[in-house]
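*Asks:* Give me the fold of what follows.
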Amino acid sequence: MAANTDYYDLLGLKKGASDAEIKSAYRKKAMEWHPDMHKGADKEMAEKKFKEVNEAYQVLSDSQKKAAYDQYGSAAFSQGGRGGNPFAGGGNPFGGAGGPFTYTYQTNGQNPFGGGDFGDPFDIFEQFFGGGFGQRSQAKPRFGITIEFMEAVKGVEKEASIDGKKRKLKIPAGVSDGTRIRFDTFDLIVSVSPDKIFERDGADIYVSVRIPFSIATLGGEIRVPTIDGDLKLKVRAGTQPGTMMRLRERGVKHVQGRGRGDQYVKITIAVPEKLNSSQKRLFEEMRREGL
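*Replies:* Residues are numbered from 1 along each chain as shown. Next up is the predicted model:
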């Protein structure tokens, strides 16, 4: 990749993007530039763009490489760059495994996915929805569908028009953004809308809960939203801001296996902006006591 290429710009991100934002942007760009979605003269450009998108993700998704890139830019990964290449080595200069949509370039005469020069980034889902990692089925038309966050979590049946015909499509619980589901005559690419409350990483769910200063100090009971409804949770006295609480088996169902992920609850403290006279006296007394 050229030395002046901006990895963040390639993924449509700003510097400082979170891991979740990087992963989400990568998935969208990977689907947009997948060569199988392009034909003729566009295919060559798509192959080039897809390779660049994968290189960008392999750097930005690795905390150590990302830190080097943020400090030195692309020079951190080029011979003779500032301070040398901290990740230099044989084979792939980016090292390690690719992202969730790995697009494998043939370098040793063998393609682990079989056929052609490129591996299909959606093959990771074939073992569950049909086919295998070492098999390539005949190309079929692909259609996209967007579903809500909770529909992806719980599973849903949708009616859609496929090639002019209405079809009922059963989408299993636990699918994530970018999942491909194989049907007899076509493949369905699932896009999942973000939720206002929950964030998701794989099968795990994350949520932030704001609690009163008094409960954080003295302890008490709070209500926490989960994908199954609100749950009462006890908070220990002296709970600090940023405390992470783990709720086992409260996450998303594993698509390819049994059980569920976990839910993580991050505690933030609500600091009162206005106090009445009695409240102010209490806090002043606490300040005198060094609290």
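
*Asks:* hey, let's count contacts and neighbours off CA atoms from now on
*Replies:* Noted.

*Asks:* where along the stretch 1-150 of the chain do the helices fall?
*Replies:* Taking DSSP state H, counting those that start in this stretch as the criterion, the stretch 1-150 of the chain carries its helices at 7-10, 19-33, 41-60, 63-72, 126-129, 149-154.

*Asks:* In JSON lines: those helices, plus mean pLDDT.
*Replies:* Output for the helices of the stretch 1-150 of the chain, formatted as JSON lines (pLDDT from 0 to 100):
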{"stretch": "helix 7-10", "mean pLDDT": "90"}
{"stretch": "helix 19-33", "mean pLDDT": "86"}
{"stretch": "helix 41-60", "mean pLDDT": "85"}
{"stretch": "helix 63-72", "mean pLDDT": "83"}
{"stretch": "helix 126-129", "mean pLDDT": "37"}
{"stretch": "helix 149-154", "mean pLDDT": "95"}
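
*Asks:* Out of the ones you listed, which is closest to Glu221?
*Replies:* helix 149-154 (26.2 Å; C-alpha to C-alpha).

*Asks:* May I have that closest one as CSV, with CA atoms only?
*Replies:* What follows is the C-alpha trace of helix 149-154 in CSV, where atoms were taken according to Å, rounded to 0.1, in the frame of the first residue of the first chain:
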residue,chain,number,x,y,z
PHE,A,149,-31.1,-5.5,16.6
MET,A,150,-33.6,-7.5,18.6
GLU,A,151,-34.7,-9.5,15.6
ALA,A,152,-31.1,-10.6,15.1
VAL,A,153,-30.9,-11.6,18.8
LYS,A,154,-34.1,-13.5,19.0
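
*Asks:* picking up where we left off before, figure out which of the helices of the stretch 1-150 of the chain is closest to Gly178.
*Replies:* Within the helices of the stretch 1-150 of the chain, the stretch nearest Gly178 is helix 19-33; the backing value is 6.5 Å (C-alpha to C-alpha).

*Asks:* Tell me which residues are up against that closest one.
*Replies:* Taking contacts as C-alpha atoms under 8 Å, 6 or more residues apart in numbering, the residues outside helix 19-33 that touch it are 11-13, 46-47, 49-50, 53-54, 57, 60-61, 100-101, 177-178, 201.
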